[in-house]
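A.B. asks: Structure, please.
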Amino acid sequence: MAKNDPGTGAGVDAAKVDQLLQTETGGRALTGPASVILFIVPLCWSLFQLWIASPLPFILNFGIFNSTEARSIHLAFAVFLAFSAFPMIKGVHVNKVPVYDWVLALAAAFSASYLFVFYNELSTRPGAPITMDLWVALSGLVLLLEATRRALGLPLTIVAAVFITYSIAGPYMPDVIAHKGVSLNKLASHQWLGTEGVFGVALGVSTSFVFLFVLFGALLERAGAGNYFIKVAYAMLGHMRGGPAKAAVVSSGLSGVISGSSIANVVTTGTFTIPLMKRVGFPATKAGAVEVAASTNGQLTPPIMGAAAFLMVEYVGISYLEVIKHAILPALISYVALIYIVHLEACKLKMEGMERPNRPSLAQRMLNWVVILIGLIVLTFAVYYGVGWTKDVLGEAAPWVLGPLLVAVYVGLVGYATRFPELEVDDPEKAMGALPEVGPTVKTGLYYLLPVVVLVWCLTVERFSPQLSAFWATLFMIFIVITQRPLKTLFRSRGQVLREFVSGFVDLAHSLATGARNMVGIGVATATAGIVVGTVTLTGIGLVMTEFVEFLSGGNLLLMLIFTAVISLILGMGLPTTANYIVVSTLMAPVIVTLGAQNGLLVPLIAVHLFVFYFGILADDTPPVGLAAYAAAAISGADPIRTGIQGFTYDIRTAILPFMFIFNTQLLLIGLTGWVDLLITVASAVTAMLVFSAATQGFWFTRSYKWESLLLLLITFTLFRPGFWWDMIYPPYEERQGSAIMEYVETVPVDDTTVFRVSGMGLDGSDVTTYVQLDIPAGGSAEERLSAVGLDVSDQGDVLAVNFVDFGSAAEDAGIEFGWNIEAVQAKLDRPPRELMFIPALLLLGLVAFGQLKRKAREDASPQTA
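C.D. replies: Next comes the predicted model:
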């Protein structure tokens, strides 16, 4: 591999970068008729996805597809492109598509579109497939696995093949995971001809939401937004210690928000940021590791989260906005901590920031920040309440007024941008230049933020579905791609406006094709991951996994979580973001819910899904597979294993977050009582993460002693989970049995969450003891209040016997069965707020800081006295 000097050169191996980017853009560089086909087909795919997302089919009453038909066509496009764009063997037939690949592509597309072409016929024989149905289904499964191998490599293919084998060979498995097995006919029908396998929820989310957001990202990139984000981050942060590395974190975060893959994020932003970090003194390994950690964390950041946000909507059963709300704080504090880690690394290396032209004074910089902050607040309130008021007044006419107003703002911002020089793409081979000025850099691309404003507005104010919101944002982004060039030419009076319009349409066509080709890997990944989901519903392996993890952990809750995290890391190795979330959430999320409830820990389902998602994503930089680390190493010229290890040490801060929000759900903004509670939660979480970063880096104001690092870890734990210590002093509840249960239920506040310990016989005949929670509504007697949640009980002395459970009631949803017993209720106790534990933790933190500052002063003074 061609390498340059770690301190000066770029070290970019273009061939390796291109190879690692195959899964994002397609593996063949074609010319001639084949290249035309591989341009037209993805273009048609994008147009189809825009059509089904738009309101036009329902307005025109034409071209309406139900969800199964849309999924079928979506997968047909994906597998056709997988066979035609990726060679069977890497490095062979990279410049042409052999005849057998065209045949396989058409066969795969036919198998995938079978549900659309023969939809009416299949609907007349549910559960009774004919021979042709089975042949198509089996062929489709085999071709899908091969398409996955080509587009994504072996890991996901092997996982899916293992689950298929497990379905058929159940009787021959070890007793702990054995099942009665299924026939080949049943397997084919379940996995391909229904909506519980390949064409299930995962592929449905890919069809409905993910494609449009990937297309939105491709349009933004083509329009120049990617370079704009990088330049803005560089201009704003480059003057700080390790500024280029901090800019890499911010720009990778911004790119990761709209990207569907941490690997794609590394190779797109990393080609600029990694050489930049090396040029200011970061070793190649650490430069690559910072990019890996930043890119990986981009998948954890709303609103996209590598498409997992949309899957969580379906799997958890909450709204898209709820998912964003719960995921935002952990993601933000994780990024703040990464910037701080970069700062500590720069301090250890004694780096200085780059010189900024026309550097303002400290007072001017502070004033600028205050003005910007106040301006953003005023603008936010003006837009939200101003436009909201306009909507109330104008009613249905609002879009006809707000639409032209939005276009006018866009035209004005483009005109304003032309007053400043165009942003150039950085050349990693050139010497380090001066920092660009912040003001002109920011002002050249303010109009790129408008589609994001449209997206957020549609989601939060209009309350449109994610699919329709993405459609309107994408439509506006298409308008920008077409018009930004001619408008700039017009404002600059350079002529050739018509030629620039033509260039805009060319850019649009290429963006649509690129967006679709970027979706090939995600499309086949969600379909193949559906095989795992189908196997779970077909064989009942989910119950087996619960028993297996319980056996290994010995019933210890913390061991169970650690074991689940390790399994999620292993399953996530080599799998793309969307697929690894589907696999780990399907297998491991029920394990945490079931075993947690049995041990008295009632975890919200969204917390469980975020737990397994975080560890699945962290596999991207976990050696020895860590694909994002390999991509970064190809750019930096460092060893990929060392890069992965260093990246994982940076990401330890992210690895502790899931454990913290499992035990303290306030980190997910669950259970907060008001603004004060929110501010305390945010402040304590950010402080805890910064302290943890200092502890793991062994450096704060100066190099830490080991005992100081241990104290910082203790402070971190206390700030993240103050209840651990407080519960020892003031128990949060006491368990009451027998008649005391009814007495407590009668006095519990309205809609207060109440936890019961229940026991009975499980579905498998074993005795079960677990905890459930119910929101007790208003009512008179305890019997009436329990009846309102669907329970008919009788007092049996020490326990309440469940005589009847209403169908579809809250009690049935909580898992209580007829014939079970309610053994106890957890009665909440009055106690001081647990946040009082922050006081000794902060005092201890102050003592550690005092000691380090004194030591640093002595170290700074010692060279002078010498």
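
A.B. asks: could you point out which element follows the helix ranked longest in the chain?
C.D. replies: For the chain, the longest helix by residue count, based on DSSP state H, is helix 497-539. Moving toward the C-terminus from helix 497-539, the next helix or strand (DSSP states H and E) is helix 541-553.

A.B. asks: pLDDT weak spots in the stretch 451-600 of the chain?
C.D. replies: Counting by pLDDT under 70, the ranges of the stretch 451-600 of the chain that qualify are 460, 495, 555, 572-577.

A.B. asks: can you tell me which residues contact the closest residue to Gly63 other than its chain neighbours?
C.D. replies: Nearest residue to Gly63, sequence neighbours excluded (Cβ to Cβ, 6 or more residues apart in numbering): Pro57, at 4.7 Å. Using the backbone N, CA and C atoms, a C-beta is placed for each residue, glycine as well. Shown in contact with Pro57 (Cβ atoms under 8 Å, 6 or more residues apart in numbering): 51, 63-65.

A.B. asks: quick one: average confidence on stretch 730-745?
C.D. replies: For stretch 730-745, the mean per-residue pLDDT is 85.

A.B. asks: Start and end of it, how far apart?
C.D. replies: Stretch 730-745 has its terminal residues 22 Å apart, counting by Cα to Cα, to the nearest Å.

A.B. asks: what residues does that stretch touch?
C.D. replies: With Cβ under 8 Å, 6+ apart as the criterion, stretch 730-745 contacts 723, 754-757, 776, 782-783, 785-786, 795, 797-800, 822-829, 831-832.

A.B. asks: and Leu212, what does it touch?
C.D. replies: Leu212 makes contacts with 49-50, 53, 467, 470-471, 474, as judged by Cβ under 8 Å, 6+ apart.

A.B. asks: Return the member of the residues you listed nearest to Ile531.
C.D. replies: Using Cβ to Cβ, Gln49 comes nearest to Ile531 of the contacts of Leu212, at 23.3 Å.

A.B. asks: quick one: what helix or strand has that closest one in it?
C.D. replies: Using DSSP H and E, Gln49 sits in helix 33-53.

A.B. asks: Now tell me what touches that helix from outside.
C.D. replies: Applying Cβ under 8 Å, 6+ apart, the external contacts of helix 33-53 come out as 26, 28, 30, 57, 63, 65, 70, 73-74, 77, 80-81, 84-85, 96-97, 207-208, 211-212, 215, 467-468, 470-471, 474-475, 509, 512-517, 519.

A.B. asks: Cross-reference the contacts of stretch 730-745 with the helices and report the matches.
C.D. replies: 723, 782-783, 785-786.

A.B. asks: Most neighbours of all the residues you listed, which one?
C.D. replies: Ranked by neighbour count (other Cβ atoms under 10 Å), the ones in helices among the contacts of stretch 730-745 have Leu786 at the top, with 24 neighbours.

A.B. asks: where does the stretch 1-150 of the chain have low pLDDT?
C.D. replies: In the stretch 1-150 of the chain, residues with pLDDT under 70: 1-31.

A.B. asks: For Val342, see how far away Ile652 is.
C.D. replies: Distance of Ile652 to Val342, given as Cβ to Cβ, to the nearest Å: 15 Å.

A.B. asks: where do the helices sit along the stretch 1-150 of the chain?
C.D. replies: For the stretch 1-150 of the chain, the helices defined by DSSP state H, counting those that start in this stretch cover 14-20, 22-25, 33-53, 56-60, 67-85, 99-117, 119-123, 131-152.

A.B. asks: just to revisit the earlier point, tell me what angle the longest helix of the chain forms with helix 33-53.
C.D. replies: Interaxial angle, helix 497-539 versus helix 33-53 (axes from the mean of the first three to the mean of the last three Cα atoms, to 10 degrees): 70 degrees.

A.B. asks: Tell me the gap between helix 497-539 and the middle of its chain.
C.D. replies: Relative to its parent chain, helix 497-539 has a centroid offset of 18 Å by Cα atoms, centre = their mean, to the nearest Å.

A.B. asks: How is this structure partitioned into domains?
C.D. replies: 14-203, 525-674+715-728, 675-714+833-866, 733-828 (automatic domain parsing).

A.B. asks: Doesn't Pro731 belong to a strand?
C.D. replies: No - per DSSP: H, G, I helix; E, B strand; the rest coil, Pro731 lies outside any strand segment and is coil.

A.B. asks: low-scoring stretches of the stretch 651-800 of the chain, by residue?
C.D. replies: When residues are selected by pLDDT under 70, those of the stretch 651-800 of the chain lie in 751, 763-764.

A.B. asks: Which parts of it are helices?
C.D. replies: Counting by DSSP H, counting those that start in this stretch, the helices of the stretch 651-800 of the chain are 675-697, 706-720, 723-729, 739-747, 782-788.

A.B. asks: So which bits of the fourth one are buried?
C.D. replies: Residues of helix 739-747 classed as buried by neighbour count (16 or more other Cβ atoms under 10 Å): 741-742, 744-746.

A.B. asks: Show me how far it is from its chain's centre.
C.D. replies: Worked out by Cα atoms, centre = their mean, helix 739-747 lies 43 Å from the chain centre.

A.B. asks: one step back: can you list the helices of the stretch 651-800 of the chain in JSON lines and add distance to Asn664?
C.D. replies: Below are the helices of the stretch 651-800 of the chain laid out as JSON lines (distance: least, Cβ to Cβ, whole Å):
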{"stretch": "helix 675-697", "distance to Asn664": "9"}
{"stretch": "helix 706-720", "distance to Asn664": "6"}
{"stretch": "helix 723-729", "distance to Asn664": "7"}
{"stretch": "helix 739-747", "distance to Asn664": "25"}
{"stretch": "helix 782-788", "distance to Asn664": "29"}
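
A.B. asks: Please name whichever of those is nearest to Asp133.
C.D. replies: Once those are compared by Cβ to Cβ, helix 782-788 is nearest, at 47.7 Å.

A.B. asks: Could you list the residues in contact with the closest one?
C.D. replies: Taking Cβ under 8 Å, 6+ apart as the rule, helix 782-788 contacts 742-743, 745-746, 748, 776-779, 792-793.

A.B. asks: hmm, try it at 10 Å
C.D. replies: Contacting residues not belonging to helix 782-788 are listed as 739, 741-748, 750, 754, 756, 774-779, 781, 791-795, 800, 802, 804, 806, 809-811, 822 [Cβ atoms under 10 Å, 6 or more residues apart in numbering].

A.B. asks: Just the buried ones among those, please.
C.D. replies: Buried by 16+ other Cβ under 10 Å: 741-742, 744-746, 748, 754, 756, 774, 776, 779, 791, 793, 800, 802, 809-811, 822, out of these.
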